[in-house]
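Participant: Everything below, folded, please.
(one chain, ligands or ions: 1)
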Amino acid sequence: MAKLGFLGLGIMGAPMARNLLTAGHSLHVWNRTADRSAPLAAAGAAVCGGPGEVCAAADITFVMLSDPVAVRAVHLGPGGACSGLGGGKGLVDMSTIDPATSREMAAAVRATGARYLEAPVSGSKKPAEDGTLVILAAGDRDLYDEAGAYLDLMGKLRVFLGEVGQGARMKLVVNMVMGGMMTAFGEGLALADRSGLDPSVLLDVLAAGALANPMFAGKGPAICADRFAPAFPLKHMQKDLRLALVLGDELGLGLPTAAAANAAFIRARDAGLADLDFSAVCRILRGERPGGNDPGGKGPAGN
Ligand code: NAP
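Facilitator: Numbers count the residues shown, from 1 in each chain. Okay, the predicted model is just below:
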């Protein structure tokens, strides 16, 4: 069995790592907040004192961190991932980050003699648990082929998109569409409610027509019940919209719908909803003014 590593055991990383462990692979793990490693340690993972220790112990290390700041700190900081990499090893970064940061990380990893793959994912907490993510990979093709069997334990579909940066771009496109869809959905629910219509009937009407989709069907009942426990934290959706807008600007596209969605997510983040599910943007769209100490949310929002 392969010697694998995993850095970042948050909402997504913990179940993804568990799927590698359950398949019988030896797994070294690290998370900034040490408590979060305990459930995996109990299941047989070896807990390391830093990212470099994980990479030194593993042939291939997978990474699932929040954003470009976290990725830079974990890969390049003292005792960081790069300090434990070297010839023959591989680093597969599955975090959602921008193409420029990914290219910078690829250069740092390759400078150690190791290979680099970016592999951000589409899908949320439940697909991470079920091993049914969609994996958007780009970078060193031989690492993609070598890591394929492990990626298949985490995902139901994987695509190889070429040069480093193309996986990151694909991921930002997908999440830009998702952020715009959620704000349009939230505005529809708010307008229906103000109009004296039952929002749950709107869900039935949408589900029966050409606008039916798993996101509306999955999130709609929880939004109507005011439940926003995080599957995909709102702060990460806002980060993805911000990164998509920067990419659009670099490529000469204004992306006005994404810009409007981003403004709504910023208002929600600044109103204290950052750590709730991204569907909590609907609270802002229906005219609520939640305070910093009033995060709302009564239970699981589903996926
Ligand atoms: P999360 O629960 O917030 O976990 C974030 C992870 O990053 C934690 O392990 C956290 O460590 C670590 N981290 C943050 N800042 C750090 C720093 N400065 N140094 C070291 N570690 C740091 O987020 P998540 O939902 O798992 O998402 C992870 C990534 O997947 C994000 O890029 C997100 O956009 C993407 N994604 C998420 C979903 C989803 O539905 N949740 C779906 C697709 C893609 P601590 O435990 O110490 O805070």
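Participant: Can you show me the helices along this structure?
Facilitator: Here the chain has its helices, by DSSP state H, at 13-22, 38-42, 51-57, 68-76, 81-84, 99-111, 125-130, 141-154, 166-194, 199-208, 214-224, 234-250, 256-268, 281-285.
Participant: buried set for the second one?
Facilitator: Of the residues in helix 38-42, those buried under the neighbour-count criterion (16 or more other CB atoms under 10 Å) are Leu40. (Each C-beta comes from the backbone N, C-alpha and C, glycine too.)
Participant: Point out the other helices and strands that it packs with.
Facilitator: Applying 3 or more CB pairs under 8 Å, 6 or more residues apart in numbering; DSSP states H and E, one finds that helix 38-42 contacts helix 13-22, strand 26-30.
Participant: hmm, it in reach of the ligand?
Facilitator: No - Helix 38-42 stays clear of the ligand (CB under 6 Å from any ligand atom), getting no nearer than 11.8 Å.
Participant: Averaged pLDDT, that helix. What do you get?
Facilitator: For helix 38-42, mean pLDDT rounds to 98.
Participant: tell me which parts of the stretch 1-150 of the chain are close to the ligand?
Facilitator: 8-13, 31-33, 36, 64-67, 69-70, 73-74, 95-96, 121, 124-125.
Participant: Could you report the separation of Gly88 from the ligand?
Facilitator: Using CB to the nearest ligand atom, to the nearest Å, one gets 26 Å for the distance from Gly88 to the ligand.
Participant: about what we covered before: need the helices of the chain in JSON lines with distance to Ala2, can you?
Facilitator: Output for the helices of the chain, formatted as JSON lines (distance: least, CB to CB, whole Å):
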{"stretch": "helix 13-22", "distance to Ala2": "9"}
{"stretch": "helix 38-42", "distance to Ala2": "17"}
{"stretch": "helix 51-57", "distance to Ala2": "12"}
{"stretch": "helix 68-76", "distance to Ala2": "21"}
{"stretch": "helix 81-84", "distance to Ala2": "16"}
{"stretch": "helix 99-111", "distance to Ala2": "19"}
{"stretch": "helix 125-130", "distance to Ala2": "20"}
{"stretch": "helix 141-154", "distance to Ala2": "7"}
{"stretch": "helix 166-194", "distance to Ala2": "22"}
{"stretch": "helix 199-208", "distance to Ala2": "43"}
{"stretch": "helix 214-224", "distance to Ala2": "33"}
{"stretch": "helix 234-250", "distance to Ala2": "29"}
{"stretch": "helix 256-268", "distance to Ala2": "39"}
{"stretch": "helix 281-285", "distance to Ala2": "40"}
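Participant: For Gly90, which of those is the nearest?
Facilitator: Each of those has some distance to Gly90 by CB to CB; the shortest is helix 141-154, at 4.4 Å.
Participant: Show me the contact partners of the closest one.
Facilitator: 2, 4, 16, 19-20, 23, 25, 60, 62, 90, 92, 115-117, 119, 121, 128, 131, 133, 135, 137, 158, 160 (CB atoms under 8 Å, 6 or more residues apart in numbering).
Participant: Looking at the helices and strands packed on helix 38-42, which one is packed in the most?
Facilitator: Sort those by mean neighbour count, taking mean count of other CB atoms under 10 Å, and strand 26-30 sits at the top with a mean of 24.
Participant: and that strand, which strands flank it?
Facilitator: Strand pairing for strand 26-30, determined by DSSP bridges: strand 3-7 (parallel), strand 46-47 (parallel).
Participant: Can I get the ones you listed in CSV including distance to Leu243?
Facilitator: Below are these laid out as CSV (distance: least, CB to CB, whole Å):
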stretch, distance to Leu243
strand 3-7, 20
strand 46-47, 31
